[in-house]
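K.L.:
kindly generate the corresponding structure for this input.
(chains A, B, C and D)
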There are 2 protein chains.
Amino acid sequence: MRIGEVAEKAGVSVRALRYYEEQGLLQAGRSPGGQRHYPDTAVGRVRLIQQLYAAGLPSRVVRKVLPCVDSGEVKAPPALLDQMAAERVRVDQRITDLLAVRDRLDDVIAVARDPDSDCSHVE
Amino acid sequence: MRIGEVAEKAGVSVRALRYYEEQGLLQAGRSPGGQRHYPDTAVGRVRLIQQLYAAGLPSRVVRKVLPCVDSGEVKAPPALLDQMAAERVRVDQRITDLLAVRDRLDDVIAVARDPDSDCSHVE
DNA sequence: CTAGAACCTGACGTTGACGTCAGGTGCAAG
DNA sequence: CTTGCACCTGACGTCAACGTCAGGTTCTAG
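P.N.:
This is a model prediction of the structure:
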């Protein structure tokens, strides 16, 4: 597959794919003329990258955990495992934050829709 | 309170507080000499701002929902409510993404810790 | 063979949430 | 009155994840 097809299938821009390669997140073979070509697995990998980014993981972390996460390899040195465990904690924290924010939004929306029920949580 | 004290209590930089004021997120009174002074409630408000930012809400959205969220006011026009509902959906999506990422991390960590249990999910 | 779509490599532009530096001021203490 | 720390206002720097433009090349269809 060439870059445009991968981009379309994965739902990202061509620029993004070149950026991922630049960052060492996604390798590509080259045709004799110099054009990139990707294996079919690239689409899934790109989706994974997007998912990690969407979760707010910093790129250096993505770069580190990616080979491990998508290959299922067990080669991970203990230091990397610690990193991943630490990142798990951070992800958990973010989830907690998001849940709190969601509850706040819900409160405000509920009160606005039904002003009669007073703000019990405001004491 | 002066700016330094608020910054310390809320766990943010002085620069951040000036930035919030610049963005219309946090008002401050001024001493005759021009120095900002804040009411005690400022600390909580700053924590709220941080929470919203941490949840990934864009600043323009924070700017819009903030007066509503922290005052509990019901003045919100319907358009703002729609915005907040839409934002709620986005927050929900982020939570879903994060849960998926957390599961992935857990898988990898579990496999690495106990290689005997094969990767059932990799089929 | 030729048009034109898709691709290539730089390289500079963008946005958000501040960091940081420069140069000057407010204010409480001794 | 002077020291000195906290504060002030610009204003430029930063980093990430690309967007976008310029100018040239490759590949595919007819």
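K.L.:
for DNA strand D, what are the nearby residues on chain A?
P.N.:
By CB under 7 Å from any atom of the strand, the residues of chain A that approach DNA strand D are A:12-13, A:15-16, A:19, A:23, A:31-35, A:50, A:53, A:58-60, A:62. (Each C-beta comes from the backbone N, C-alpha and C, glycine too.)
K.L.:
ok, which of the residues you listed also contact DNA strand C?
P.N.:
Taking CB under 7 Å from any atom of the strand, the overlap between those and the neighbourhood of DNA strand C is A:34-35.
K.L.:
restricted to helices, list the residues of chain A next to DNA strand D.
P.N.:
The helices, defined by DSSP state H, take in A:15-16, A:19, A:50, A:53, A:59-60, A:62 from those.
K.L.:
which one (most neighbours) among those?
P.N.:
Per-residue neighbour counts (other CB atoms under 10 Å in any protein chain shown) across these peak at A:V62, which has 20 neighbours.
K.L.:
wait, that residue sits on A:L52?
P.N.:
Yes - A:V62 sits in contact with A:L52 when judged by CB atoms under 8 Å, with a separation of 4.8 Å.
K.L.:
so who does A:R18 touch?
P.N.:
Contacts for A:R18 (CB atoms under 8 Å, 6 or more residues apart in numbering or on different chains) come out as A:I3.
K.L.:
need the pLDDT of it.
P.N.:
As predicted, A:R18 sits at a pLDDT of 97.
K.L.:
A:V108 now?
P.N.:
81.
K.L.:
could you give the angle of whichever strand or helix holds it to helix B:78-113?
P.N.:
Taking DSSP states H and E as the criterion, A:V108 maps to helix A:78-113. Going by axes from the mean of the first three to the mean of the last three CA atoms, to 10 degrees, helix A:78-113 is angled at 160 degrees with respect to helix B:78-113.
K.L.:
dihedrals phi and psi, A:G29?
P.N.:
Here the main-chain torsion angles of A:G29 (degrees, to the nearest 10) amount to phi -80, psi 170.
K.L.:
touching, it and A:Y38? I think so.
P.N.:
Yes - under the criterion of CB under 8 Å, A:G29 is in contact with A:Y38, at a separation of 7.5 Å.
K.L.:
more crowded one of these two?
P.N.:
Comparing A:G29 with A:Y38 by neighbour count (other CB under 10 Å), the higher total belongs to A:Y38, at 23 against 9.
K.L.:
contacting residues for the more buried one?
P.N.:
Residues counted as contacts of A:Y38 (CB under 8 Å, 6+ apart) are A:1-3, A:6, A:26, A:28-29.
K.L.:
and for A:L17?
P.N.:
Residues A:3, A:6-7, A:10, A:26, A:36, A:46 are the ones in contact with A:L17 under the rule CB under 8 Å, 6+ apart.
K.L.:
just those residues that are near DNA strand C?
P.N.:
Subset of the contacts of A:L17 in contact with DNA strand C: A:3, A:36, counting by CB under 7 Å from any atom of the strand.
K.L.:
would you list the contacts of A:L17 in JSON lines and tack on secondary structure and neighbour count?
P.N.:
Putting the contacts of A:L17 into JSON lines (DSSP: H, G, I helix; E, B strand; the rest coil; neighbours: other CB atoms under 10 Å in any protein chain shown) gives the following:
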{"residue": "A:I3", "secondary structure": "helix", "neighbour count": "18"}
{"residue": "A:V6", "secondary structure": "helix", "neighbour count": "23"}
{"residue": "A:A7", "secondary structure": "helix", "neighbour count": "20"}
{"residue": "A:A10", "secondary structure": "helix", "neighbour count": "20"}
{"residue": "A:L26", "secondary structure": "coil", "neighbour count": "20"}
{"residue": "A:R36", "secondary structure": "strand", "neighbour count": "19"}
{"residue": "A:V46", "secondary structure": "helix", "neighbour count": "22"}
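K.L.:
alright, calling it a day.
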